[in-house]
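> Return a 3D structure for these sequence lines:
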Amino acid sequence: MVSDGATIRHATRDDVQTIFDLIHELAAYEKSTKDVAATPELLSRTLAHYDPTTDSFSEGYARTFLLVAPGSDTVVGMALYFYNYSTWTAVPGVYLEDLFVKPEYRGKGYGKALIKACAKECLRINGRRLEWSCLDWNEPSLKFYESLGAKRKDAWVGLRAEGDALEKLAQ
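Numbering: from 1, shown residues only. Coordinates of the predicted model:
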């Protein structure tokens, strides 16, 4: 529970539409809604969904923490993450793919609470590092992350192969 009564829980299969909507809100903030290829159907197949009746997850590639506003069932934020692995430390870690809190709920400590949940998950799996990326123009978020003790990794350059380049590389 967050200090004001908000709660954080893992997403279930019933939360797929909510996650989809939050992804679109994040994409709008980043001015890249045209790049979103996710659909509720794809999210249903590819996310791991928590089952509270068995305290377990379905198969899937990523998990999602949802932040629920105090005194309601309204989801106001999410942290979508997956596990990674470090060859140098020979232990797992957590990669935070997306963190988003609806604008009207920012400044309440919700982003910090979601990152804290990811840090706890990292420690739960005996991981040694929580990592994420941030767009270089997003100064408010960069300052927020640095206020939590995160350090910029300027020596590393992000690389990606996708689309036609990925197809060509795989041949």
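> Contacts only, for Pro52.
Thr12 (C-beta atoms under 8 Å, 6 or more residues apart in numbering). Every residue, glycine included, has its C-beta placed from N, CA and C.
> Spell out, range by range, the helices that occur in the chain.
Shown for the chain, the helices assigned by DSSP state H span residues 16-29, 40-46, 110-124, 139-147, 163-170.
> Can you get me a residue count around the nearest residue to Pro70 once chain neighbours are set aside?
With sequence-adjacent residues excluded and distances taken as C-beta to C-beta, 6 or more residues apart in numbering, Pro70 is closest to Gly5, at 3.4 Å. By the criterion of other C-beta atoms under 10 Å, Gly5 has 11 neighbours.
> same question, Lys168
Quick note: Lys168 (other C-beta under 10 Å) scores 9 neighbours.
> Use 800 as the first number for this chain going forward.
Happy to do that; since the first residue is 800 now, the last one works out to Lys967.
> ok so, going back, tell me which of the helices of the chain sits most buried.
Burial among the helices of the chain, expressed as mean neighbours by mean count of other C-beta atoms under 10 Å, is greatest for helix 909-923, which shows a mean of 18.
> Can you tell me what sits against that one?
801, 805, 807, 864, 866, 875-878, 880, 892-893, 895, 898, 900, 926-929, 943, 947.
> From these, keep the buried residues only.
801, 805, 807, 864, 866, 875-878, 880, 892-893, 895, 898, 900, 926, 929, 943 (16 or more other C-beta atoms under 10 Å).
> Among the residues you listed, which are located in strands?
807, 864, 866, 875-878, 880, 892-893, 895, 898, 900, 929 (DSSP state E).
> of all those residues, which two lie farthest apart?
Farthest apart among those by C-beta to C-beta are Val875 and Gly892. That separation is 26.7 Å.
> hang on, the earlier thing: want to try TSV for the helices of the chain, with distance to Ala954 and mean pLDDT as columns?
Converted to TSV, these look like this (distance: least, C-beta to C-beta, whole Å; pLDDT from 0 to 100):
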stretch	distance to Ala954	mean pLDDT
helix 815-828	27	97
helix 839-845	32	98
helix 909-923	22	97
helix 938-946	16	92
helix 962-969	24	94
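> Now render these as a markdown table, adding distance to Glu858.
Below are these laid out as a markdown table (distance: least, C-beta to C-beta, whole Å):
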| stretch | distance to Glu858 |
| --- | --- |
| helix 815-828 | 15 |
| helix 839-845 | 9 |
| helix 909-923 | 18 |
| helix 938-946 | 31 |
| helix 962-969 | 23 |
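> And the residue nearest to Ser885 when sequence neighbours are not counted, how far from Asp854?
Distances taken as C-beta to C-beta, 6+ apart place Gly892 nearest to Ser885, at 6.0 Å, with adjacent residues excluded. Applying C-beta to C-beta, to the nearest Å, the value for Gly892 to Asp854 is 23 Å.
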